[in-house]
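Peer 1: Sharing a model that was predicted from the sequence below.
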Amino acid sequence: MRHGNSDINTNICDHCDCNDSCDSSDPSLLCFRQLFMSIHLFFAVPNGGSRNPIEGARLKAEGVVAGVADMLLLVPNHQYHGLCIEFKYGKGRQQDSQKKFQTEVERVGFKYIIVRSL
């Protein structure tokens, strides 16, 4: 995986117990989560996927917001309030709502990274 603009290239499965056999449609999410299982403030945001109009309206009424990053780590360090992680595959690009979310969270002190598949 490549993290944002950095030169870090690593197979996340080298660092967890899934041994490249993650039983998930999104193995990088599963493996990344396994690295931080003891941290209860690290979680996925179920914002994606297609919704029928009734379900979409219900979720919007409950506070679901377009553009929120795929995963959030709500643990501050000496430099950031927390970490927002957006996963993109292949040539996937951020939507305008995701760019807006990135700008807003960076403005208030969060680190935002895009993790891309190789």
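Peer 2: Alright, I've got the coordinates.
Peer 1: quick one: contacts of the longest helix that the chain contains?
Peer 2: The helix that spans the most residues within the chain, counting by DSSP state H, is helix 96-107. The contact list for helix 96-107 (Cβ atoms under 8 Å, 6 or more residues apart in numbering) reads 65, 66, 67, 68, 69, 84, 86, 94, 112. C-beta here means a position set from N, CA and C on the backbone, and glycine is covered the same way.
Peer 1: Would you mind listing the buried residues in it?
Peer 2: 98, 101, 102, 105 (16 or more other Cβ atoms under 10 Å).
Peer 1: which stretches of the chain form strands?
Peer 2: Taking DSSP state E to define them, one finds strands in the chain at 2-3, 42-44, 71-73, 83-88, 111-116.
Peer 1: what's the angle from the longest helix of the chain to strand 111-116?
Peer 2: Between the axes of helix 96-107 and strand 111-116, defined by axes from the mean of the first three to the mean of the last three Cα atoms, to 10 degrees, the angle is 140 degrees.
Peer 1: please begin residue numbering at 511 from this point
Peer 2: Happy to do that; since the first residue is 511 now, the last one works out to helix 606-617.
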